[in-house]
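>>> pasting a predicted model and its sequence here:
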Protein chains: 2
Amino acid sequence: MASNKIVRRPGGRTARTRAAVHQAVELLLIEGGLASVTIPAVAARSGVHHTSIYRRWGTVQNLLLDVILTSLIRVVPTPDTGSLREDVRQFAREAAHAFQDPLRAALAQAFFALPADDSASRRRYWARRYETLRPMFDRAEGRGENPPAPEDVVEHILAPLYFRRFVTARPVTNRFLDALVNDALRSSAR
Amino acid sequence: MASNKIVRRPGGRTARTRAAVHQAVELLLIEGGLASVTIPAVAARSGVHHTSIYRRWGTVQNLLLDVILTSLIRVVPTPDTGSLREDVRQFAREAAHAFQDPLRAALAQAFFALPADDSASRRRYWARRYETLRPMFDRAEGRGENPPAPEDVVEHILAPLYFRRFVTARPVTNRFLDALVNDALRSSAR
DNA sequence: ACACAAACGCAATCGTCTGTGCGTTAAGCT
DNA sequence: AGCTTAACGCACAGACGATTGCGTTTGTGT
């Protein structure tokens, strides 16, 4: 057989439709939550024909996963205040604030509403997420602060926030955030 | 107008169909996860006509919520080992073990995959859940152990377990569970 | 500028979910 | 035991999501 090399063409129109579809998904998530995100709805909202969406993403789940991962990759600035405790405190405040944002909250909810059979992709995502925070801990180490592991700190901060936001619906106060920071920095090695 | 009092009749046939439908939902959750639970599928599995299900529950969400709340009400035994630390450790092991059970894991996932606009019902459920654990803490207090609040302990144990199970997919080791118990009992008042 | 084919739009179709009218069954009350 | 009607089963139909074939547009390399 001849050269069956497929020449992709991600530029121009493809990029535009992709952006339009992504934006439509985000708007639908904000307005109607996870259940309102269907391919026909996204098609109507974005102006892209639904057949195009079916061909590119196949299922709503794939589309959602693409939107989620793309959105979460957007740079969240890594704090650099001069002390690890203050860095972590700022990280906690930003995380708590992110859950107030309807889009981010809906994305987070959609993330673990997806079938849990993609644990590999989840681990890959979080590994990258830890890497973006690593400079914060390297700087602390450079100051001789003997910091804990990034993944443990992230877990100590985010786990209770997820839990209150999506499970128990307890309110998140500033005092609670400070207690989280204390717990995170007091934790021993695992 | 005459007496328009509706006389409900929850016994006999109604109870049987309800039980059959609930069991069908649980089986579907185990086998195919949240997405496989549709009214027609439940109808086929339970032998109950789908119109009956539509009339009683209306939507899949209502049905799922009913199944979840009914299932979670089932008594989970409250540990009583003689020391709070050992009680909490046992609670943590049981919780971690519950997430291994496909049904319980699927129910928990379905719980927060539902639209989050029912924070009131969530708080009510957790308030009852804390109450069932209260004897554990009362006994500790009777022994002069000065225990923390039940909701804080529950949060310290369950939040990281939910987080690893549904968000980061990190493995849960016995060592991790012991660390959770330490954190839970070390926490100051909020 | 030209040619190739990736990506898209359009129309039509199939399958499943959702919902309604009506007759039948059986729970609860006297 | 008999009566009332809540709850159920059945047939049917409308709505929506999922897919496919085919012609058109438009990136991309030459």
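Noted; the coordinates are in hand.

>>> after the lengthiest helix in chain A, which helix or strand is next?
Determined from DSSP state H, the single longest helix within chain A is helix A:119-142. Going down the chain from helix A:119-142, the next helix or strand is helix A:150-163, by DSSP states H and E.

>>> residue ranges with poor pLDDT in chain A?
A:1-5, A:9, A:116-118, A:187-190 (pLDDT under 70).

>>> up against DNA strand D, what does it have?
For chain A, the contact set with DNA strand D under C-beta under 7 Å from any atom of the strand comprises A:7, A:9-14, A:38-41, A:50-51, A:54-55, A:58-60. Quick note: C-beta positions are derived from backbone N, CA and C, even for glycine.

>>> thinking again about what came up before, tell me which other helices or strands the longest helix of chain A touches.
Helix A:119-142 sits against helix A:60-73, helix A:84-100, helix A:150-163, with contacts defined as 3 or more C-beta pairs under 8 Å, 6 or more residues apart in numbering or on different chains; DSSP states H and E.

>>> angle of the longest one against helix A:150-163?
So the one you mean is helix A:84-100. Angle of helix A:84-100 versus helix A:150-163, following axes from the mean of the first three to the mean of the last three C-alpha atoms, to 10 degrees, is 40 degrees.

>>> output the contacting helices and strands for helix A:84-100.
Contact partners of helix A:84-100 among helices and strands, from 3+ C-beta pairs under 8 Å, 6+ apart: helix A:102-113, helix A:119-142, helix A:150-163, helix A:174-186.

>>> turn those helices into a markdown table, columns for mean neighbour count and distance to residue B:138.
Shown next, in a markdown table, are the helices and strands packed on helix A:84-100 (neighbours: other C-beta atoms under 10 Å in any protein chain shown; distance: least, C-beta to C-beta, whole Å):
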| stretch | mean neighbour count | distance to residue B:138 |
| --- | --- | --- |
| helix A:102-113 | 19 | 35 |
| helix A:119-142 | 15 | 39 |
| helix A:150-163 | 22 | 25 |
| helix A:174-186 | 17 | 24 |
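
>>> indicate which one of those is closest to DNA strand C.
helix A:102-113 (16.3 Å; C-beta to the nearest atom of the strand).

>>> that closest one versus helix A:119-142: what angle between them?
Relative orientation of helix A:102-113 and helix A:119-142, computed by the same axes, to 10 degrees: 120 degrees.

>>> residue nearest the middle of chain A, spatially speaking?
Among the residues of chain A, the one closest to the centroid is residue A:72, at 3.6 Å (C-alpha atoms, centre = their mean).

>>> contacts only, for that residue.
Residue A:72 sits next to A:107, A:125, A:129 when contact means C-beta atoms under 8 Å, 6 or more residues apart in numbering or on different chains.

>>> just residue A:41 next, same as before
Listed by C-beta under 8 Å, 6+ apart, the contact partners of residue A:41 are A:24, A:28.

>>> can you report how many residues neighbour the residue in chain A positioned nearest to DNA strand D?
Of all residues in chain A, the one sitting closest to DNA strand D is residue A:12 (2.4 Å; C-beta to the nearest atom of the strand). By other C-beta atoms under 10 Å in any protein chain shown, the residues close to residue A:12 number 8.

>>> for residue A:15, same thing?
Per other C-beta under 10 Å, the neighbour tally for residue A:15 reads 11.

>>> what helix or strand is it on?
Per DSSP H and E, residue A:15 falls inside helix A:13-32.

>>> kindly export the helix or strand following that helix (C-alpha atoms) in CSV.
Scanning forward in sequence from helix A:13-32 by DSSP H and E, the next helix or strand is helix A:39-46. Extracted as CSV, the C-alpha positions of helix A:39-46 are listed here (Å, rounded to 0.1, in the frame of the first residue of the first chain):
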residue,chain,number,x,y,z
ILE,A,39,-24.0,17.1,22.1
PRO,A,40,-27.1,18.6,20.4
ALA,A,41,-27.1,21.4,23.1
VAL,A,42,-23.4,22.1,22.6
ALA,A,43,-24.0,22.1,18.8
ALA,A,44,-26.8,24.6,19.1
ARG,A,45,-24.8,26.8,21.4
SER,A,46,-21.6,26.8,19.5
